[in-house]
Structure formats: C-alpha cells, structure tokens
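**Student:** Got a sequence here, can you model it:
(2 chains)
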There are 2 protein chains.
Amino acid sequence: MDMWPSNSPADKERGRSFDQKGNRNPAQPRHALKICAALVENPMNLGALCRTAEVFRLESLVLPDLAIAQTWEFRKLAASAHHWQPLEACSPAVVSQWIQSQQQLGYVVLALTTHPQACCLTEFTFPKKTALVLGRELTGIPDELIAMCGQGGAKATVDPGPAAGLGTVVKEQPVGTMAEDRPLGVLAIPQFGQVESLNVHTAAAIAIYEYVKQHAQPKIFD
Amino acid sequence: MDMWPSNSPADKERGRSFDQKGNRNPAQPRHALKICAALVENPMNLGALCRTAEVFRLESLVLPDLAIAQTWEFRKLAASAHHWQPLEACSPAVVSQWIQSQQQLGYVVLALTTHPQACCLTEFTFPKKTALVLGRELTGIPDELIAMCGQGGAKATVDPGPAAGLGTVVKEQPVGTMAEDRPLGVLAIPQFGQVESLNVHTAAAIAIYEYVKQHAQPKIFD
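**Tutor:** From the prediction side, this is the model:
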C-alpha cells in the first residue's frame, strides 16, 4: 500500500511535489525559526515538538540530548517527523552558551513564558531569524537565561493587529528597550483560566503558528 | 502549602481576582467557542484538549463520553482542568444531531481538517458563536458531517491579514458561499512538512488561539 508520502490527487491539488527520496517540496526553504527545548524534560513533549516543528518546516529543534529521539515515548509522539526534522543537541547546563552562539549568528533569542509582564504574543511581530527558548515543565526558564533573551542588534516590533485590546501597543521598539519595564525578549500567550499555564508543547505550537503566519513561504498551501 | 490557586503577587500584577471557592476571575464570561471532540478517540488527546480549553476559558468541550474524563490518561494531561472546564457528551454516532442542535442555537459549525480546498485559518474571521468539529485521529471527519458544516444564517469572513500570500482573499462572504468551490465551513492550518498533519489537539489549540485572538475579552492579561 502506497501510504507515505504519495503524489496523491490531494497533493497535486495542493501543488506539492516530491523528489526521488519521497521528500515533499524539496526545494522549499525552511522557516528561519529555531526552537530550543533543551530545558524540556518529558520525552513525549519533545516528540510532540518534533512533529509540530516538522509540519511547519522549521530550521531546527534543539533537544537536551539526541538520544531522547531514540526513545519509544518520543517516537510515538513524533509520528515519523524525526526522519525529516533537523535536530540539534544542547545540554541544559549550557543553554546560556547556546543563546550567545545564536545571537552571534544574528538570531533574536526570545523566551516563551507566563511572566505577567511579558509581551503578549498576539501583538508581537517576530524577527525573521528567531530562536525561541522554551521552559522546563513546572519550573520554566531560569531568570539568568531570561535576562539574556532579546539582546542583540535586530529589531522586533509590537503591532496593534486585530486584537489590540489585549495589551499595550508599542511600535518600532528595538528589542531590549520594550516599554513599561517589560523584561527583554519575553513573550507570553494570553491565558484566561484556572489552570496555571498551557502545556509547553501546546504553547510552543501556538507561538510557531504565529511566527509562520507572519513569515510563511507564500502559496505552498493554497 | 498554598499552591493553587493563590492571590500571588504575579496574580495581582495580572489584575486577577478569586472568589471564595478559589475560582479565578469569576465574573469573566467564557469565550463563545465550543469544541466538539466527539470523534476523537485517544483519552490523552481529550485530556490535553480539556487543559487547553480551560486555559482559554471556552464555553464547552464535547467528549464522546463523560466517563473518559475519569480515566488516568485523561487526567494526567488535563492537569486539573476538568474541575473547571464545562464538559458535554455526544456519542460519535449522533454528531450530526449535535451539529444541527448547535446551528439551531445560532452557532456557526466549522470543521477543522486538512482538506486541500479548505479555507486557510490565517485568513479566516471567526463568527463569535462558533462550534468547531475535530476529526478522529487518522481518519478525520466523515464527508457527511463536513457537508453539514458552515450552514446557517451567520456570516464568516476571510481577511487579508498579515499573511495574505497564503491564500485567496475573500471578504464578507456568507458561510455557505465561499469562493472557488471551497467546501462550506471547512478550515485548515497551513502545513509545510513531510508529516501528513498536526496532532488533533495541536491543531485545535492553534485554531482556539486564533479564535481567542479575534474575540478575546480585553485587558485580562496585560
């Protein structure tokens, strides 16, 4: 049975193509978003992140250890995405060095948190070259790493957008000098419930969607 | 230990308040979005949906059977959200009746799919009263249910938005007459990878975020 991947009528309608190895849209560049999950501990969250990163064709997913991608829990959630998603490794102990290296490469490093003074995702315009740091389950991102985020020369802007009621609007603000003493380069998703926060993979998937909505390669889907 | 919920400094900074039962923001209305997960089979996906629905303060989550909310798998992923999230039950066999009942109540019922001709989520403006039907893992939503979606008197519009390149722009189009022979009331998230689709909970979380971005109660977060 020719299950995977195929040049099916649905794919032809989508304008998708495959190379001889079965890679879909081989010429399509990856979105310049790196997800740093070096602090994430649960292999199921990491596997789910791999699937989501691959679906959105991201540049890189950073795991605490590449051996995790061999575990049953990871693979069950990754749904074969580990065959295609570029993976990197960074020990939780050296995330600060990883952040510095990305900044030297020209990436704006942002932290995804539930910090009450963070910039609201619905109002944020992502720099094209973004590295998004996720927190450890329950304990989040250490303050010393949050303090490193948002530094660097690139600019990020906060847009009014369709949900202007959600927060203060700041325009053309360089990262590092956000208004009202907000921490540098810290993003949060608006939350309304009793449960303290979204699951780390769920939060990352939403942020990835928002990034891709802003920077998507055009016309691949429609 | 006073872990949950508390009137912590972070909550005070957020402007959150609690009633005597510990409910956060008791006066805040729920967002008028219902998630129909009656076709979803995996209790872990359903538990994850419960957590996400609660975080975004949605009106209702529809499970195939309320007994699922008692299972270990559901509760592990729900992270206590089942204490607060309104749940309904609908057997997979009677989803068509549930869709009709919601349409009679004035909800626009939409299907979240990977249909190649679906309307792209990034360009869609949600009606305020929306019921979103999710598909079964692997097999999705049966055609006869998809055919029922989008019917009814309310209007949905498709906006150019910041990602106008992703698809054809249609404005002020009544649901039921979308351009270019698109199926009625069918939404899809743009996908770029080799893996055939997002996990059903991940896709739902992204659609919920997009809805809340458009219809959020203002000023709760910032």
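
**Student:** Please report how far A:Ile189 lies from chain B.
**Tutor:** Distance, A:Ile189 to chain B, using Cβ to the nearest Cβ, to the nearest Å: 7 Å. Glycine gets a C-beta too; all of them are placed from N, C-alpha and C.

**Student:** close to chain B, is stretch A:79-91?
**Tutor:** Yes: using Cβ under 8 Å from any Cβ of the partner chain, a contact is recorded between stretch A:79-91 and chain B, made by A:79-81, A:83-85.

**Student:** Ends of that stretch, what's the gap?
**Tutor:** Using Cα to Cα, to the nearest Å, the end-to-end distance of stretch A:79-91 comes to 24 Å.

**Student:** Same check on stretch A:87-98?
**Tutor:** Termini of stretch A:87-98 sit 14 Å apart (Cα to Cα).

**Student:** ditto for stretch A:186-193
**Tutor:** Stretch A:186-193 has an end-to-end distance of 21 Å (Cα to Cα).

**Student:** That one - what's its average pLDDT?
**Tutor:** Averaging pLDDT along stretch A:186-193 gives 94.

**Student:** In helices, which of the residues of stretch A:79-91 next to chain B fall?
**Tutor:** Judged by DSSP state H, those include no members of helices.

**Student:** Most neighbours among the residues you listed, please name it.
**Tutor:** Each of these was scored for neighbours by other Cβ atoms under 10 Å in any protein chain shown, and A:Gln85 scores highest at 27 neighbours.

**Student:** pLDDT score for A:Lys129?
**Tutor:** Note for A:Lys129: predicted pLDDT of 96.

**Student:** go on, A:Gln117?
**Tutor:** Note on A:Gln117: pLDDT of 79.

**Student:** Tell me how far it lies from chain B.
**Tutor:** For A:Gln117, the distance to chain B - Cβ to the nearest Cβ - is 7 Å.

**Student:** Ok, A:Trp98 next?
**Tutor:** For A:Trp98, the distance to chain B equals 24 Å [Cβ to the nearest Cβ].

**Student:** could you point out where chain A is predicted with low confidence?
**Tutor:** Residues of chain A meeting the criterion pLDDT under 70: A:1-27, A:151-184, A:217-222.

**Student:** Next, the angle helix B:200-215 makes with the longest helix along chain A.
**Tutor:** Ranked by residue count, the top helix of chain A under DSSP H comes out as helix A:200-215. Using axes from the mean of the first three to the mean of the last three Cα atoms, to 10 degrees, the inter-axis angle of helix A:200-215 relative to helix B:200-215 is 60 degrees.

**Student:** which secondary structure elements does helix A:200-215 contact?
**Tutor:** Packing contacts for helix A:200-215, counted by 3 or more Cβ pairs under 8 Å, 6 or more residues apart in numbering or on different chains; DSSP states H and E, involve strand A:31-36, helix A:43-55, strand A:108-113, strand A:130-133, helix B:43-55, helix B:200-215.

**Student:** Minimum distance to A:Ala188: which of these has it?
**Tutor:** Of all these, it is strand A:108-113 that lies closest to A:Ala188, at 5.7 Å by Cβ to Cβ.

**Student:** re the thing from before, nearest to A:Gln194 among the helices and strands packed on helix A:200-215 would be which one?
**Tutor:** Counting by Cβ to Cβ, A:Gln194 lies closest to helix B:43-55 out of the helices and strands packed on helix A:200-215; the figure is 6.6 Å.

**Student:** Which is the succeeding secondary structure element to the closest one?
**Tutor:** strand B:58-63 (DSSP states H and E).

**Student:** does any part of that following strand sit near chain A?
**Tutor:** No: between strand B:58-63 and chain A, judged by Cβ under 8 Å from any Cβ, nothing touches; the nearest distance is 8.9 Å.

**Student:** Could you list every helix and strand that that strand packs against?
**Tutor:** Packing contacts for strand B:58-63, counted by 3+ Cβ pairs under 8 Å, 6+ apart, involve strand B:31-36, helix B:43-55, strand B:87-89.

**Student:** I'd like to know which of the ones you listed lies nearest to A:Ile208.
**Tutor:** Among the helices and strands packed on strand B:58-63, helix B:43-55 sits nearest to A:Ile208 (Cβ to Cβ), with 15.1 Å.

**Student:** got the angle between the closest one and helix A:200-215?
**Tutor:** 70 degrees.

**Student:** Number of residues surrounding A:Gly193?
**Tutor:** When neighbours are defined as other Cβ under 10 Å, A:Gly193 has 23 of them.

**Student:** and A:Phe126, what are its phi and psi?
**Tutor:** Dihedral pair for A:Phe126: phi -70, psi 140, per degrees, to the nearest 10.

**Student:** Give me the nearest residue to it, chain neighbours excluded.
**Tutor:** With Cβ to Cβ, 6 or more residues apart in numbering or on different chains as the criterion, A:Phe126 has its nearest non-adjacent residue at 4.8 Å, and that residue is A:Tyr211.

**Student:** ok, so what distance separates A:Ala53 from chain B?
**Tutor:** Separation of A:Ala53 from chain B (Cβ to the nearest Cβ): 8 Å.

**Student:** residues contacting that residue?
**Tutor:** The neighbourhood of A:Ala53, defined by Cβ atoms under 8 Å, 6 or more residues apart in numbering or on different chains, consists of A:35, A:61, A:81, A:85, A:208.

**Student:** Let me know the closest of those residues to chain B.
**Tutor:** If you rank those by distance to chain B using Cβ to the nearest Cβ, A:Ala81 comes first, at 4.7 Å.

**Student:** Please look at the closest one and A:Arg51 and confirm they touch.
**Tutor:** Yes: in this structure, A:Ala81 is within contact of A:Arg51 by Cβ atoms under 8 Å, at 4.4 Å.

**Student:** Now the common contact residues for these two.
**Tutor:** Contact criterion Cβ under 8 Å, 6+ apart; residues shared by A:Ala81 and A:Arg51: B:Val195.

**Student:** do you know how far A:Leu187 is from chain B?
**Tutor:** Between A:Leu187 and chain B the computed distance is 12 Å (Cβ to the nearest Cβ).

**Student:** try A:Ser96
**Tutor:** In this view, A:Ser96 and chain B are 24 Å apart by Cβ to the nearest Cβ.

**Student:** Likewise for A:Pro92?
**Tutor:** Distance of A:Pro92 to chain B, given as Cβ to the nearest Cβ: 23 Å.

**Student:** quick one, what contacts that residue?
**Tutor:** Contacts of A:Pro92 by Cβ under 8 Å, 6+ apart are A:38-39, A:64, A:136.
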